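J.: Structure for this input, please:
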Amino acid sequence: MNNNKHLISNKKERIRVIYSLGIFALFAGILIYLITHTGNQSGFISTRALRKMGGSIGEIAAYGFGFSISMYVIRRVVKRISSKEIKQKLLVLARITREWHVPISIIAFGIILLHAYIMISRGLFFNLRYISGLLALGVLAVQILSGIFRYKKIGVKFHMITGIIFILTMIIHLLT
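T.: Okay, here's the model as predicted:
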């Protein structure tokens with residue numbers, strides 16, 4: 001089979017991405033269900049419990065993004081380490097984070113969309129937490145799109161820059 005037919009030429013990575021897109025579709029389905037069936041707020045869950053659940057969902061997504069971001073940090077550390085023993089162990093860790101960077105990011109993006117919907121469904125508030133969260137979501141959407149272009153070797157540096165901006169906006173959001 002000609003590898004040029006696929007956006008992702010590595011077959012194992014392509015399979016991981018396809019599975020993670022399936023999990024993302026599951027989260028999208030849950031989100032669509034919530035949008036279409038919870039408009040009256042007289043549902044089976046209280047607003048307070050929904051808010052707490054939304055916060056927990058956001059934490060889970062933050063762990064996923066933390067893992068994805070760790071790929072960059074590990075690569076930087078490997079370049080600066082002189083000990084061969086430590087470097088070998090870090091290279092194994094770098095390979096694992098590289099293999100799972102995209103699938104975990106896709107799943108975390110689906111989770112963060114659920115988090116955003118739950119939190120926004122309570123209403124929009126003009127405070128730093130909401131503004132930084134919406135800004136982080138916008139930057140993340142650009143980040144995901146730039147990640148797709150990375151497979152064609154377009155915008156590799158832009159992907160890294162948007163990643164750094166996302167980290168900063170996410171930290172502001174988490175700390176407020």
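J.: Can you point out the buried residues in the longest helix anywhere in the chain?
T.: Ranked by number of residues, the top helix in the chain under DSSP state H is helix 84-120. By neighbour count on 16 or more other Cβ atoms under 10 Å, the buried set for helix 84-120 is 90, 94, 97, 100-119. No exception for glycine: its C-beta is placed from N, CA and C like everyone else's.
J.: Helix or strand next in line after that helix, which one?
T.: The helix or strand immediately downstream of helix 84-120 is helix 128-150, counting by DSSP states H and E.
J.: between the helix or strand harbouring Met53 and helix 84-120, how many degrees?
T.: Take DSSP H and E as the rule and Met53 turns out to sit in helix 47-80. Relative orientation of helix 47-80 versus helix 84-120 (axes from the mean of the first three to the mean of the last three Cα atoms, to 10 degrees): 160 degrees.
J.: buried set for helix 47-80?
T.: Neighbour-count burial for helix 47-80 flags 50, 54, 57-58, 61-62, 64-65, 67-71, 74, 78 (criterion: 16+ other Cβ under 10 Å).
J.: these two touch, right, Tyr72 and Ile161?
T.: No - applying Cβ atoms under 8 Å as the test, Tyr72 and Ile161 come out as separate, 11.6 Å apart.
J.: Stretch 10-28: how far from the chain's middle?
T.: 13 Å (Cα atoms, centre = their mean, to the nearest Å).
J.: In it, which of the residues would be classed as buried?
T.: Glu13, Arg16, Val17, Ser20, Phe24, Phe27.
J.: With stretch 132-143 instead?
T.: Ser132, Gly133, Leu134, Leu135, Ala136, Leu137, Val139, Leu140, Gln143.
J.: from the residues you listed, which is closest to Ile86?
T.: Checking the buried residues of stretch 132-143 against Ile86 by Cβ to Cβ gives Gln143 as the nearest, at 30.2 Å.
J.: got a list of what Arg129 touches?
T.: With contact set as Cβ atoms under 8 Å, 6 or more residues apart in numbering, Arg129 has these partners: His173, Thr176.
J.: just Tyr19 next, same as before
T.: Tyr19 neighbours (Cβ under 8 Å, 6+ apart): Pro103.
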